[in-house]
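*Asks:* coords please:
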Amino acid sequence: MMLWLKKNYQFSVDSKIKVPSFIGSLCNWRPKSITIPDESKYQKYIDSIKVSDLNREMINNTIKLIIKSLILRLLSEYLKNNEPIISERSYGLRILDYLRTGHPFIETYTFFFCILYIIRAILLFSQSWNIYCIIYGIILRLLLSNDNDKNKDKNRKQRDESKSLKIIIKEWLILSIFYTKPLMGNPWFSTSPRDLWSNQWHQILNQVFQELGYFPIKNYFKHNKTIGRMLGICSAFLLSGLLHDYLAIVSFDHFSIDCTIFFLFNGILLVLWEVVEDLYFTIVC
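*Replies:* Predicted coordinates:
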C-alpha cells in the first residue's frame, strides 16, 4: 500500500502520466514484472487474449503443477526421513570456529541436505504461482465467455469513459496470467549474485528491501556513491535477515541470528563480486 502511494505521488508530479487505481495495480507491484512487448499498444495486447489462449495457458500450468507436485512429494519424503543432526551452536559462531580452528562449519551431507531443501523451497514458490494462475484462469474464463461480439463495442466505449469493476478485474487477471513474470524465476541459471537476488529469487519483498534499506543508505552517502551503494546493499540484506529471524521466532519459537548472518554474508559476497567484476572489466577494456 505504501509503495502504491509513493508511485501515486511520483505520477502526480507529471500530470501526463495516468495514475493507476490501487485494485488495477495489485499484480504489478514488482519492478519490471510486466512483459508486454510494446507498452504503447497496451490495450491491443489485453484485447488480443481469447478463450483458446487461456485454455492453452491453463493446460500448461496444470501440467507444470502436476510435475512439481510429484517432485515435491518425493523430496518431502526424503527430507523428512533423512534429516541430519544439526549442531545447536549458532551458524555464525561455527564460521568463527572454522576461521580459528579449521574445523568445518557444516558437514558434507548437511550441505547436500540444505541444497535439497532450497530446491524444495524453489519448487514450492513456483508451484504456488501455477496454482494462482489456474485459479485466476477459472475466473477469467467466465469473464471472457461472457464477452460476445455484441457487447465488445459497448465495453470499449465504457472503458474509454470510465472502467467498470468487471473490466478492471478482467485486465488485472490477463496481466497476471499472461504478462507478469513468475514470482520465482530460475535461480539455478543465475549469471551472478545480483541476477540471483534481483531477478531470479523470490521477488515479493524485493522492492520493499530496496525502498527501506538500499535507497536511504545510498542517498545518505551522496558524496561517495561507491560506498553508498556497498552499504546500501548490505543494509537491504540486513533487513532481509532480520525479517527471516523474526519469522523463525514467530513460527518455530527459535531465537538466533543465523538468518541475519547468512543474508549479510550474501550481501558482502555481492559487494565483493561487483568490485572484482568492475576491476576485471576495467583491466580488459
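
*Asks:* chain neighbours aside, what residue packs nearest to Ser90?
*Replies:* Distances taken as C-beta to C-beta, 6 or more residues apart in numbering put Ser256 closest to Ser90, at 5.5 Å, once the chain neighbours are dropped. Yep, even glycine has a C-beta here, placed from its N, CA and C like the rest.

*Asks:* what's the answer for Gly185, then?
*Replies:* Gly185's closest residue in space is Gln200 (C-beta to C-beta, 6+ apart), at 3.9 Å.

*Asks:* touching, that neighbour and Pro182? I think so.
*Replies:* No: applying C-beta atoms under 8 Å, one finds Gln200 not in contact with Pro182, separated by 10.0 Å.

*Asks:* who has more neighbours out of the two?
*Replies:* Higher neighbour count among Gln200 and Pro182: Gln200, with 18 against 15, using other C-beta atoms under 10 Å.

*Asks:* give the contact list for that one.
*Replies:* By C-beta atoms under 8 Å, 6 or more residues apart in numbering, the contact list for Gln200 reads Met184, Gly185, Asn186, Pro187, Phe189, Ser190.

*Asks:* report the lowest-confidence entry in these.
*Replies:* pLDDT is lowest at Gly185 among the contacts of Gln200; the value there is 80.

*Asks:* my guess is that residue is in a strand, correct?
*Replies:* No: counting by DSSP: H, G, I helix; E, B strand; the rest coil, Gly185 falls outside a strand, being coil.

*Asks:* how about it, phi and psi?
*Replies:* Torsion angles at Gly185 (phi, psi; degrees, to the nearest 10) stand at phi -90, psi -130.

*Asks:* per-residue confidence at the residue nearest to Tyr91 when sequence neighbours are not counted?
*Replies:* Distance criterion C-beta to C-beta, 6+ apart; nearest residue to Tyr91, sequence neighbours excluded, is Asp258 at 4.1 Å. Per-residue confidence at Asp258 stands at 83 (pLDDT).

*Asks:* burial count for Asp258?
*Replies:* 18.

*Asks:* who's in contact with it?
*Replies:* Ser90, Tyr91, Gly92, Asp245, Ala248.

*Asks:* of those residues, which is the most crowded?
*Replies:* Within the contacts of Asp258, Asp245 tops the neighbour count with 20 neighbours, counted by other C-beta under 10 Å.

*Asks:* let me see the contact set for it.
*Replies:* Residues near Asp245 by C-beta under 8 Å, 6+ apart: Phe255, Ser256, Ile257, Asp258, Cys259, Thr260.

*Asks:* any idea how far whichever helix or strand it is part of is from the chain center?
*Replies:* According to DSSP states H and E, Asp245 maps onto helix 225-252. Here the centre of helix 225-252 is set off from its chain's centre by 16 Å, with C-alpha atoms, centre = their mean, to the nearest Å.

*Asks:* do the same with stretch 201-215
*Replies:* Distance of stretch 201-215 from the chain centroid (C-alpha atoms, centre = their mean) equals 9 Å.

*Asks:* tell me the confidence at the residue lying closest to Tyr78 once chain neighbours are set aside?
*Replies:* Leaving aside its sequence neighbours, Tyr78 sits nearest to Leu116 (C-beta to C-beta, 6+ apart; 7.0 Å). Looking at Leu116, its pLDDT stands at 94.

*Asks:* pLDDT at the closest residue to Pro104 other than its chain neighbours, what is it?
*Replies:* Distance criterion C-beta to C-beta, 6+ apart; nearest residue to Pro104, sequence neighbours excluded, is Tyr98 at 6.5 Å. In this model, Tyr98 is scored at 82, pLDDT.

*Asks:* Tyr98 and Trp273, how far apart?
*Replies:* Shown here: Tyr98 relative to Trp273, a distance of 21 Å by C-beta to C-beta, to the nearest Å.

*Asks:* just Val51 next, same as before
*Replies:* Here the criterion is C-beta to C-beta. By it, Val51 lies 47 Å from Trp273.

*Asks:* do the same with Tyr280
*Replies:* Here the criterion is C-beta to C-beta. By it, Tyr280 lies 10 Å from Trp273.
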